[in-house]
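J.: I'll drop the sequence and a predicted model, then ask my questions.
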Amino acid sequence: MGQGTYKVDVGSQELEIPLVPIADDLTIALLISVDLGIAFAQTAGGELAAKLAPYDAEIVVSVATMGIPIAIEVTRALGLDDYVILHKTPKIHLADAIAEPVRSITTAVPQRLLLDRARLEAVVGRRVAVVDDVISTGGSTKAALNLLRRVGAEPVVVGAVVTEGAQWRSYLGEDASLVRSLGAIPLFRHGAGGSLVEDWEGLGGSTTAEAASTTHGEC
């Protein structure tokens with residue numbers, strides 16, 4: 001059963017995204033970039049690229065699969081013609097990939113980011129913009145930064161459609177200063193009477209989520 005929706009401004013665009021429980025005491029506003037269409041990705045990618053342009057990145061790197069549409073549009077808007085995808089699912093061509101462990105808020109088991117060795121030349125010694133749809137715990141972003149630095153790339157900026165909560169700031173440490181985003185969403189804790197409470201810090205809520213009053217049917 002759905003828990004309602006949450007309205008968020010993503011640059012110049014307004015979205016209404018579903019609230020989805022992922023634990024007994026935790027609900028998230030679920031932004032799925034691959035379901036939002038070409039027009040959304042094109043606009044968001046262009047606006048995010050404008051935030052990243054001052055850092056003179058030579059290549060865009062993203063994490064499969066949700067970040068791919070945004071990475072393509074950011075690459076296009078920056079006037080570049082290539083991007084690199086870090087994979088989480090093993091494939092035949094990734095048997096000898098360079099790997100970095102990662103944990104995500106929406107995935108219960110540890111995963112790995114995989115960089116195809118055939119794509120090394122695209123990043124080694126180059127200024128890199130790391131782009132993703134959502135930064136939540138910072139796990140995927142940290143793994144991407146670690147992997148890129150290991151192979152000799154230079155991450156100069158991190159772009160996200162939205163950031164979620166604030167736990168990513170402490171997890172990324174000094175690298176949190178690299179992040180540029182088009183919007184921000186909180187986590188949600190369960191309050192009295194079944195209400196949802198916005199939690200921006202990841203330590204407990206402080207503001208009742210008005211969005212919880214908007215209900216959906218089965219989802």
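T.: Looks like it arrived, so ask away.
J.: wait, residue 127 sits on residue 152?
T.: No: taking contacts as Cβ atoms under 8 Å, residue 127 lies outside contact range of residue 152: 12.0 Å. (C-beta placed from N, C-alpha, C; glycine too.)
J.: quick one, which of the two is more surrounded?
T.: residue 127 (15 against 11; other Cβ atoms under 10 Å).
J.: name the SS class of the residue nearest to the spatial centre of the chain, please.
T.: Among the residues of the chain, the one closest to the centroid is residue 134, at 2.3 Å (Cα atoms, centre = their mean). Here residue 134 is recorded as strand under DSSP: H, G, I helix; E, B strand; the rest coil.
J.: now swap in residue 50 and tell me
T.: Per three-state DSSP, residue 50 ends up helix.
J.: which residues touch the closest residue to it other than its chain neighbours?
T.: Nearest residue to residue 50, sequence neighbours excluded (Cβ to Cβ, 6 or more residues apart in numbering): residue 77, at 7.5 Å. Residues in contact with residue 77 (Cβ atoms under 8 Å, 6 or more residues apart in numbering) are 45, 46, 48, 49, 50.
J.: correct me if wrong: the second one contacts residue 72.
T.: No: under the contact definition of Cβ under 8 Å, residue 46 does not touch residue 72, with a separation of 11.5 Å.
J.: before we move on, back to that, measure the residue nearest to the centre of the chain to residue 72 for me?
T.: Distance, residue 134 to residue 72, by Cβ to Cβ, to the nearest Å: 17 Å.
J.: and if you look at residue 169?
T.: 27 Å.
J.: for residue 41, helix, strand, or coil?
T.: Criterion first, three-state DSSP; result for residue 41: helix.
J.: same check, this time on the one 3 residues further on
T.: Per three-state DSSP, the local secondary structure of residue 44 is helix.
J.: tell me the contacts of it?
T.: 10, 11, 13, 33, 70, 73, 161, 182.
J.: out of these, which are inside helices?
T.: Members of the contacts of residue 44 lying in helices (criterion: DSSP state H): 70, 73.
J.: wait, which of the contacts of residue 44 is closest to residue 96?
T.: residue 70 (27.9 Å; Cβ to Cβ).
J.: the closest one and residue 7: what is the separation?
T.: Note on residue 70: its distance to residue 7, by Cβ to Cβ, is 20 Å.
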